[in-house]
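Novice: have a look at this fold, sequence not included:
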């Protein structure tokens, strides 16, 4: 279940997500999508989990919980944690698409990232 979808200071999307095997919702961030990346998966990370949302099917793959933090190395253990509804998937794709920019970020923090491939998320459909 996705709730509270919003733009974050990195210029990408954050949301509260509760997936199979989770006791309560966690705050997830969607990694920037830059040119050269395939836009068929959105990499997501919370304080204790990391994974992918497949933008064609809505399938969510997550690592198990790591109290010290989940990082790229934990992606190898990611397993299916459910599937987003069609409405949740459309809402997420729309939010990601709205953040598309070659120089996304927060001007006051001087943090910018290439999120230009976010324009391609609807091509995964």
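Specialist: Received it, and whenever you're ready, just let me know what you need. All values derive from a computational prediction rather than experimental measurement.

Novice: ranges for the strands of the chain?
Specialist: Along the chain, the segments classed as strands by DSSP state E run 2-7, 13-17, 26-30, 41-45, 50-54, 59-62, 79-83, 104-106, 111-113.

Novice: in CSV: those, plus distance to residue 68 and mean neighbour count.
Specialist: All C-beta atoms are positioned from the backbone trio N, CA, C, and that covers glycine. Listed next are those as CSV, based on distance: least, Cβ to Cβ, whole Å; neighbours: other Cβ atoms under 10 Å:
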stretch, distance to residue 68, mean neighbour count
strand 2-7, 25, 14
strand 13-17, 20, 22
strand 26-30, 15, 19
strand 41-45, 14, 21
strand 50-54, 12, 22
strand 59-62, 16, 22
strand 79-83, 20, 16
strand 104-106, 27, 18
strand 111-113, 24, 15
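
Novice: closest one to residue 93 among these?
Specialist: Taking Cβ to Cβ, strand 41-45 is the member of the strands of the chain nearest to residue 93, at 8.7 Å.

Novice: ok so, going back, for residue 71, which of the strands of the chain is the nearest?
Specialist: Nearest to residue 71, of all the strands of the chain, is strand 50-54, at 6.5 Å by Cβ to Cβ.

Novice: got the strands of the chain as CSV, with distance to residue 69 and mean pLDDT columns?
Specialist: CSV is the format used below for the strands of the chain (distance: least, Cβ to Cβ, whole Å; pLDDT from 0 to 100):
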stretch, distance to residue 69, mean pLDDT
strand 2-7, 21, 92
strand 13-17, 17, 95
strand 26-30, 12, 95
strand 41-45, 9, 93
strand 50-54, 9, 95
strand 59-62, 14, 96
strand 79-83, 18, 94
strand 104-106, 22, 68
strand 111-113, 20, 71
